[in-house]
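Undergrad: Here you go, sequence then predicted model.
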Amino acid sequence: MDSMTTCKQTRILIVDDDSGAIRVLTQILKDVGKVYFTTDSTQALELALSVTPDFILLDIEMPELNGIDLCQRIKNQYALSDVPILFVTCHTDVDTETRALTAGAIDFIHKSANPVLIKTRVQNYLALKHHYDEQRKLAQAVEQSSDSIIITDIDGNIEYVNPMSEKSSGYSRQEMLGQNPRLLASGKTSAQAYQNLWSALTSGRTWRGEFINRRKDGSEYIERANVSPIAQADGKITHYLAIKTDITDQTLMQDEISRLGRFDSLTNLPNRRQLQERLRQVLSACSRHQHASALLFIDIDDFRRLNDIYGHSLGDKVLTEISLRLRQDCLRTEDVIARLGGDEFAVIIENLSKDLWVAASQAEEVAEKILVTITKPLVFDSIEQHLTASLGIYLFTGDDLDVEEAIKRADATMYRAKAAGKNCFKFYDPQIQRDIERRITLETDLRRAVSEQQLTIFFQPQFDQDKRLTGAEVLLRWEHSEQGMIPPSEFIPLAEEKGLIISIGLWVLKSACLQLRTWNMKPGWEQFQLSVNISPCQFRDKDFVSDLRELIIETGILPHHLVLEITESTVLEGVSSIIEKMNALKALGVRFSMDDFGTGYSSLSQLKQLPLNELKIDQSFVRELAIDANDEVIVRTIIAMGQNLGLTVIAEGVENASQYDKLLAQGCKHFQGYWFGRPLPAEAFEHMYQSASEYIHNS
Ligand SMILES: Nc1nc2c(ncn2[C@@H]2O[C@@H]3COP(=O)(O)O[C@H]4[C@@H](O)[C@H](n5cnc6c(=O)[nH]c(N)nc65)O[C@@H]4COP(=O)(O)O[C@H]3[C@H]2O)c(=O)[nH]1
């Protein structure tokens, strides 16, 4: 017998009206457990309830309450219903025995039975009860577990689910029994996880991992699971056991904690830590691709004063609104904006140009937008706020730079902007800063130059192969009051960038037309023509055709004496709409020249579609003509191509006789360049070529 049966806690109750019988039984069972007894069957139930015995021996024939009735009463008590009852009786008839068993007794034994037999039987029943108690405890633990427990057979059919499984999945026990656990699959648990699960189970090991499951109502939940094979004594696997804990809340909490660690709680923008992470990535991407990127530090001017006067809650509203405006009005979705704390924001602008000067003007554009956005009035609690900001811009290409250093530089630059009077931006690089400042001044000056008529046009003569003057190219000049002559290569890109080129270009056209009319009225100058440069954005302007039509009517020029010089970049985007526009202009009578030809990427097929009259060989090919054999081939090809297409070919930048001779030898018939004449103001031009009027081409 096992130790349990001899354990002191085992309590045995004997009920018999015969005290002699009690004595005998007590003697037999004293080693099995502590024996309690009574001869009064009417007291027995009460005694049993207080003792809660592990085993009861009952006599059948007793006065007042017989053993069978007592047995029923005991069985009716919840606390005693599992206690095994053995009848010890003199009865041997089947009827009494049947009634005894029906009343709930486990067995009966004759009073005269051998003591060893009685003792052994009691011990066996106690062992059985112990086993049953253990099983029940286990079953209760599984049923009441706060983990979901699922048992499947070897084919994966569910044989058991505990109440927690029903609760967390939303499926009832009936709905799950017989099903495969994939009933709960959401499709989001990785295939790798399932592979690992089955490889562990088939080799008899436990798998630990996570499932992303789907409840009956469709919602998803995450379970941390231990899935183990259940093996028989011989090692044969008969079942699988899954014990799972719902960790959805825990995961969400972890996500939230990690989100809080990376985002600013007020504005929901990335915080300093995330900015550092992103900056690290951007720096290494910059080193790889050699693109420039910019880090902008933005600090709201005098924000502390606003906080002190109106309180932090208004301050918070202002910061939230500013973060929204920056995101929506100033930045592309791929730009990173972070709040570093207080009134400090930072922006990373990626993938700027490889050319640092172009990158600087791209960053400048964003900085300007930011300044404008922040100065727009904010109204909170009926109070209108007018804010400004100071910006520090650090441009980088990723070479030899760490995150902290980049941050330090942008930060220090922002303080320079503050020191310079706030509401402005500064670049870290002093050379870029100087260039930007010059461009900013230049822009202001250019606007003034337009209104104060500081702009003027010069004319550079064009000749044919017989050195007869055929016309001139109109070239814009800006005589700055302090800086003297500013070259068009400097101010025309600025005018294009700032949208000033439309009005400037129109002014050039008008001045050119007026001059053309004057000259065409002079004897000998009737066929003289003027070429005017047209910027791509000027050409694309929706009013360009109508403006030119009005000019032609207003000035009364002969439109075929006006040549519009466009570049290959004008026709780069949307060829069909460009052709349409060129045809509309052609209908007015004007002619077209393709300027700087050979430097762009126009294909022959594209060229053939354009209603051109002239090709202008770029001066870079002419310059090297005597030195570079390649350029000679290019020039020859352009001339042949132009002639095949029925176009006039003019070479620009002819600086000496040898270039002229070579061009002439290759069939070029029109020329422009310093060797023939430099650009001159109208009066000087007229004076210079008055005497040469007989050379004016009259074809
Ligand atoms: N080295 C050398 N240079 C010569 C020679 N002959 C002429 N040039 C210069 O070459 C440029 C020719 O003009 P472009 O290619 O249309 O190039 C022009 C044109 O793209 C632009 N531009 C000038 N005026 C206007 C204008 O009214 N509107 C527009 N949109 N662009 C203009 O500015 C560019 C530069 O103009 P400029 O400085 O006047 O420079 C002019 C002219 O002075 C030569 O023999 N040697």
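TA: Sure thing, it's come through.
Undergrad: what about the chain, any weak spots by pLDDT?
TA: Within the chain, the segments meeting pLDDT under 70 span 1-8, 399-400, 601-604, 691-699.
Undergrad: Using the three-state scheme, assign the residue nearest the centre of it.
TA: The chain has E334 as the residue nearest its centroid, 7.5 Å off, counting by C-alpha atoms, centre = their mean. Following DSSP: H, G, I helix; E, B strand; the rest coil, E334 is assigned to coil.
Undergrad: and it, how far is that from E350?
TA: Per C-beta to C-beta, to the nearest Å, E334 is found 6 Å from E350. Glycine gets a C-beta too; all of them are placed from N, C-alpha and C.
Undergrad: do the same with N271
TA: For N271, the distance to E350 (C-beta to C-beta) stands at 19 Å.
Undergrad: got it, and I638?
TA: With C-beta to C-beta as the criterion, I638 and E350 are 40 Å apart.
Undergrad: Name the residue in those two with the higher neighbour count.
TA: The neighbour count for I638 versus E350, taken as other C-beta atoms under 10 Å, is higher for I638 (22 against 18).
Undergrad: gap between the more buried one and L647?
TA: Taken as C-beta to C-beta, the span from I638 to L647 is 10 Å.
Undergrad: got the residues of the chain near the ligand?
TA: Residues of the chain found near the ligand (C-beta under 6 Å from any ligand atom) are 460, 474-476, 487-489, 492, 505, 508, 533, 535, 565, 595-596, 619, 652-655, 673-674, 679.
Undergrad: Look up which residues are beta-bridged to the residue of the stretch 1-150 of the chain found nearest the ligand.
TA: In the stretch 1-150 of the chain, the residue that lies nearest the ligand is S148 (75.6 Å; C-beta to the nearest ligand atom). With DSSP bridges as the criterion, S148 is bridged to K244.
Undergrad: before we move on, back to that, of the residues of the chain next to the ligand, buried ones?
TA: 460, 474-476, 492, 505, 508, 533, 535, 565, 595-596, 619, 652-654, 673, 679 (16 or more other C-beta atoms under 10 Å).
Undergrad: shared neighbours, I638 and L647?
TA: L615 (C-beta atoms under 8 Å, 6 or more residues apart in numbering).
Undergrad: Now for V88, how many residues are close by?
TA: 23.
Undergrad: Could you tell me whether it really is in a helix?
TA: No - if the criterion is three-state DSSP, then V88 is strand and not within a helix.
Undergrad: OK, contacts around it?
TA: D16, A21, L25, L57, L58, D59, F108, I109, H110, K111, I118.
Undergrad: P84 and F55 touch, don't they?
TA: Yes - under the criterion of C-beta atoms under 8 Å, P84 makes contact with F55 at 5.7 Å.
Undergrad: so how far is the helix or strand hosting A285 off the chain centroid?
TA: A285 belongs to helix 272-289 when elements are defined using DSSP states H and E. What separates the centre of helix 272-289 from the centre of its chain is 15 Å, taken as C-alpha atoms, centre = their mean, to the nearest Å.
Undergrad: Kindly report the same for stretch 651-670.
TA: Worked out by C-alpha atoms, centre = their mean, stretch 651-670 lies 58 Å from the chain centre.
Undergrad: can you give me the end-to-end distance of it?
TA: 6 Å (C-alpha to C-alpha, to the nearest Å).
Undergrad: and that stretch, which residues are buried?
TA: Here stretch 651-670 shows A651, E652, G653, V654, Q659, Y660, K662, L663, Q666, C668, K669, H670 as buried, counting by 16+ other C-beta under 10 Å.
Undergrad: what's the neighbour count on R409?
TA: Look at R409: counted by other C-beta under 10 Å, it has 20 neighbours.
Undergrad: List the residues that contact it.
TA: So R409 contacts L295, G392, Y394, Y428 (C-beta under 8 Å, 6+ apart).
Undergrad: go again using 6 Å as the cut-off
TA: Applying C-beta atoms under 6 Å, 6 or more residues apart in numbering, we find R409 in contact with Y394, Y428.
Undergrad: Likewise for H480?
TA: Contacts for H480 were tallied using C-beta under 6 Å, 6+ apart; they are I486.
Undergrad: repeat for the one 5 residues further on
TA: Under the criterion of C-beta under 6 Å, 6+ apart, the contact partners of M485 comprise E479.
Undergrad: Quick check: bridge partners of it?
TA: Using DSSP bridges, the bridge partners assigned to M485 are E479.
Undergrad: That one and D217: what is the separation?
TA: From M485 to D217 the distance is 79 Å (C-beta to C-beta).
Undergrad: tally of neighbours for the nearest residue to G471 once chain neighbours are set aside?
TA: The shortest distance from G471 to any non-neighbouring residue, by C-beta to C-beta, 6 or more residues apart in numbering, is to Q529 (3.7 Å). Per other C-beta under 10 Å, the neighbour tally for Q529 reads 19.
Undergrad: Show the contacting residues for Q529.
TA: Counted by C-beta under 6 Å, 6+ apart, Q529 has contacts G471, H561, V563.
Undergrad: quick check, nearest of those residues to I501?
TA: Of all these, V563 has the smallest distance to I501: 18.8 Å, by C-beta to C-beta.
Undergrad: quick one: that closest one is in a strand?
TA: Yes - counting by three-state DSSP, V563 is part of a strand.
Undergrad: isn't it right up against S531?
TA: Yes - V563 lies in contact with S531 (C-beta atoms under 6 Å); the separation is 4.1 Å.
Undergrad: Between those two, which contacts overlap?
TA: Common neighbours of V563 and S531, using C-beta under 6 Å, 6+ apart, are S593.
Undergrad: Tell me which of these two has more neighbours.
TA: S531 (26 against 23).
Undergrad: Which helix or strand contains the more buried one?
TA: Per DSSP H and E: strand 529-533 holds S531.
Undergrad: Mind listing the strands that strand pairs with, and their directions?
TA: Strand 529-533 has its sheet partners listed here by DSSP bridges as strand 469-480 (parallel), strand 562-566 (parallel).
Undergrad: Dump those strands to TSV, plus distance to M582.
TA: Formatted as TSV, the strands paired with strand 529-533 follow (distance: least, C-beta to C-beta, whole Å):
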stretch	distance to M582
strand 469-480	19
strand 562-566	8
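Undergrad: What residues of the longest helix seen in the chain count as buried?
TA: If you go by DSSP state H, the chain has its longest helix at helix 115-144. Neighbour-count burial for helix 115-144, counted by 16+ other C-beta under 10 Å, picks out I118, K119, V122, Q123, Y125, L126, K129, H130, V142.
Undergrad: All the helices of the stretch 1-150 of the chain, in order from the start?
TA: 3-6, 19-29, 41-51, 67-76, 94-102, 115-144 (DSSP state H, counting those that start in this stretch).
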